[in-house]
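J.: pasting the structure only:
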């Protein structure tokens, strides 16, 4: 029995090596990959390496690229790949986006769900699922947001690992901030709302991680153009950390948008004290101009 187990392990390792060779040459869904995965599954269908490979195969195979036209100058956080004029002389913007085959995408998610169930401590697997949701849903994060809101409160649930290593303090917060930025960078109404919802929950969970609080200010300033609300939020950050660069710089911009020179001068002076040399010079120049 021990000999049989050893032989299966050696066979599984050979399939893993073949898989890696094919991926290096042809990509995760390239020629021969599916055959190797099918054979690998017969001897080792529950290893983390196999499940990741199966997910990568279906997720990659599910995607095709297509070119779409939009009236907006920016779409999903991207600049247009091409701009042409229609018969009326109006600019039409063209973007290259990924489209998904629903059946193959579903198989990818099921493969990742199995990986998560067998390796619940693998935070990288959970993030892969979040990434898949965001890529699939684009400007409508109906699955991605609830998934990340749930994940946000689970830091202390277990000893999390990422790519085989136990995560360090602060990793969880930094990673979730990247998802906040993903929603923000897409720039659609629903993703701005997701950006706010996730940032609000994370602010409650991590009150000392001030990037989340700054996110809320950015939501009001960019998504809502409510500069008064933005300034109020940045003031909360600066009460905790008077030298917080992001809050100071954005407060300058919000005050300027409001036409409130008194507030702008206040934050410009803070920028002189706490900004970079370039910021200091620019702030001093602006203060001189406002004083005339």
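T.: It's in. What you are looking at is a predicted structure, and each value in this text was computed from that prediction instead of being measured.
J.: domain assignment for the chain?
T.: As recorded under automatic domain parsing, the domains making up the chain are 1-62+104-119, 63-100, 121-206, 230-292.
J.: so for the last one, what's the average pLDDT?
T.: Right, domain 230-292. Per-residue pLDDT values over domain 230-292 give a mean of 92.
J.: can I get the domains of the chain in JSON lines including distance to residue 222?
T.: Heads up, the C-betas are built off the backbone N, CA and C, glycines and all. Written out in JSON lines, the entries for the domains of the chain read as follows (distance: least, CB to CB, whole Å):
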{"stretch": "domain 1-62+104-119", "distance to residue 222": "31"}
{"stretch": "domain 63-100", "distance to residue 222": "13"}
{"stretch": "domain 121-206", "distance to residue 222": "8"}
{"stretch": "domain 230-292", "distance to residue 222": "9"}
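J.: using JSON lines, lay out those together with distance to residue 218 and mean neighbour count.
T.: Formatted as JSON lines, the domains of the chain follow (distance: least, CB to CB, whole Å; neighbours: other CB atoms under 10 Å):
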{"stretch": "domain 1-62+104-119", "distance to residue 218": "31", "mean neighbour count": "16"}
{"stretch": "domain 63-100", "distance to residue 218": "14", "mean neighbour count": "12"}
{"stretch": "domain 121-206", "distance to residue 218": "7", "mean neighbour count": "17"}
{"stretch": "domain 230-292", "distance to residue 218": "7", "mean neighbour count": "17"}
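J.: any weak-confidence spans in the protein?
T.: Scanning the chain with the threshold set as pLDDT under 70 gives 1-9.
J.: who does the top strand by length along it touch, helix- and strand-wise?
T.: Among all segments of the chain classified by DSSP state E, the strand with the greatest residue count is strand 91-100. The contact analysis (3 or more CB pairs under 8 Å, 6 or more residues apart in numbering; DSSP states H and E) places strand 91-100 against strand 63-70, strand 82-85, helix 123-137.
J.: run the chain-centre distance for the longest one.
T.: A distance of 9 Å separates the C-alpha centroid of helix 123-137 from that of its chain, computed with CA atoms, centre = their mean, to the nearest Å.
J.: tell me the angle it makes with strand 63-70.
T.: Relative orientation of helix 123-137 and strand 63-70, computed by axes from the mean of the first three to the mean of the last three CA atoms, to 10 degrees: 40 degrees.
J.: tell me what helix 123-137 is packed against?
T.: By contact count (3+ CB pairs under 8 Å, 6+ apart), the secondary structure elements abutting helix 123-137 are helix 48-61, strand 91-100, helix 102-118, helix 144-152, strand 161-162, helix 171-186.
J.: nearest to residue 292 among those would be which one?
T.: Using CB to CB as the criterion, the shortest distance between residue 292 and the helices and strands packed on helix 123-137 is 36.6 Å, found for helix 171-186.
J.: Provide the contact partners of that closest one at residue level.
T.: Among residues not part of helix 171-186, those counted as contacts by CB atoms under 8 Å, 6 or more residues apart in numbering are 76-77, 123, 127, 130, 134, 138-139, 141, 145, 148, 151-152, 155, 160, 162, 191-192, 194-195, 198-199, 202, 206, 209, 211-212, 215, 218-219, 222.
J.: any idea how far the spatially closest residue to residue 113 that is not a sequence neighbour is from residue 260?
T.: With CB to CB, 6 or more residues apart in numbering as the measure, residue 129 is the residue that lies nearest to residue 113, at 7.5 Å, once sequence neighbours are left out. Separation of residue 129 from residue 260 (CB to CB, to the nearest Å): 44 Å.
J.: correct me, but residue 95 touches residue 80?
T.: Yes: the pair residue 95 and residue 80 passes the contact test of CB atoms under 8 Å, sitting 5.7 Å apart.
J.: pull up the overlap in contacts between the two.
T.: A shared contact of residue 95 and residue 80, defined by CB under 8 Å, 6+ apart, is any residue touching both; here these are residue 70.
J.: look up the closest residue to residue 242, ignoring the ones flanking it.
T.: residue 270 (7.4 Å).
J.: quick revisit: the inter-axis angle of the longest strand of the chain versus strand 63-70?
T.: In terms of direction (the same axes, to 10 degrees), strand 91-100 departs from strand 63-70 by 160 degrees.
J.: and strand 91-100, how far out from the chain middle?
T.: So, by CA atoms, centre = their mean, the centroid of strand 91-100 is 20 Å from its chain's centroid.
J.: same question, stretch 258-271
T.: Between the mean C-alpha point of stretch 258-271 and the mean C-alpha point of its chain there is a distance of 32 Å (CA atoms, centre = their mean).
J.: which element is residue 72 on?
T.: Of the helices and strands defined by DSSP states H and E, none includes residue 72.
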